[in-house]
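Asks: One predicted model, sequence on top.
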Amino acid sequence: MDMSDMDGTTLVGGGVNITGNNYVTQTLTANLIETTPAADSYFYQWYTNTTNSRTDGEIIEGANSNTLYVDPSYSGKYIYVVVTAVKEDYKTKRFNDITDDGNNATAVVTKSDSVLTV
């Protein structure tokens, strides 16, 4: 299905929130908040960034599910996810979240001997 914006009704609501420990070898989860009506499909794409920005990041190849294993190569970087909601006869809707001190143990990926639970 074409994921470009379509002429049609706009999906209402929806969102995503990253939770988990932003430490090497841990897993981050993109928790989806459903749109109304529920989309037919949700597409995930994860990115790394050297700045606290949800744009212009580097795509993480193959990272297209709601979870992300925090690879050592991400150390010192921010991680963000973009979720695209698609429903036939509706406009495509996108939302995103970035790792930060508010919803993760640390904003950028770090190495840690101990694991904190968020």
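Replies: Happy to help now that I have it. Numbering: from 1, shown residues only.

Asks: Nearest to the spatial middle of the protein, which residue is it?
Replies: Centroid-nearest residue in the chain: residue 81, 2.0 Å away (criterion: C-alpha atoms, centre = their mean).

Asks: which residues does that residue contact?
Replies: Residues in contact with residue 81, defined by C-beta atoms under 8 Å, 6 or more residues apart in numbering, are 16, 18, 30, 44, 45, 46, 47, 68, 96, 97. C-beta coordinates here come from the backbone N, C-alpha and C atoms, glycine included.

Asks: What number of residues are in the vicinity of the fourth one?
Replies: By the criterion of other C-beta atoms under 10 Å, residue 44 has 17 neighbours.

Asks: pretty sure it is in a strand, no?
Replies: Yes: under DSSP: H, G, I helix; E, B strand; the rest coil, residue 44 falls within a strand.

Asks: what sits against it?
Replies: Residue 44 makes contacts with 30, 63, 64, 65, 66, 81, 82, 83, as judged by C-beta under 8 Å, 6+ apart.

Asks: got it, and the second one?
Replies: For residue 18, the residues meeting the contact criterion (C-beta under 8 Å, 6+ apart) are 28, 29, 30, 31, 79, 80, 81, 97, 98, 99, 103, 104.

Asks: which residue ranges form the strands in this protein?
Replies: Assigned by DSSP state E, the strands in the chain fall at 9-10, 12-20, 27-36, 41-49, 58-59, 67-69, 78-86, 90-91, 93-98.

Asks: doesn't residue 40 make contact with residue 88?
Replies: Yes: counting by C-beta atoms under 8 Å, residue 40 is a contact partner of residue 88 at 6.0 Å.

Asks: rewinding a little: turn the contacts of residue 44 into a markdown table, columns for pLDDT and distance to residue 54.
Replies: Converted to a markdown table, the contacts of residue 44 look like this (pLDDT from 0 to 100; distance: C-beta to C-beta, whole Å):
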| residue | pLDDT | distance to residue 54 |
| --- | --- | --- |
| 30 | 96 | 13 |
| 63 | 98 | 15 |
| 64 | 98 | 17 |
| 65 | 98 | 19 |
| 66 | 98 | 17 |
| 81 | 97 | 9 |
| 82 | 97 | 8 |
| 83 | 97 | 12 |
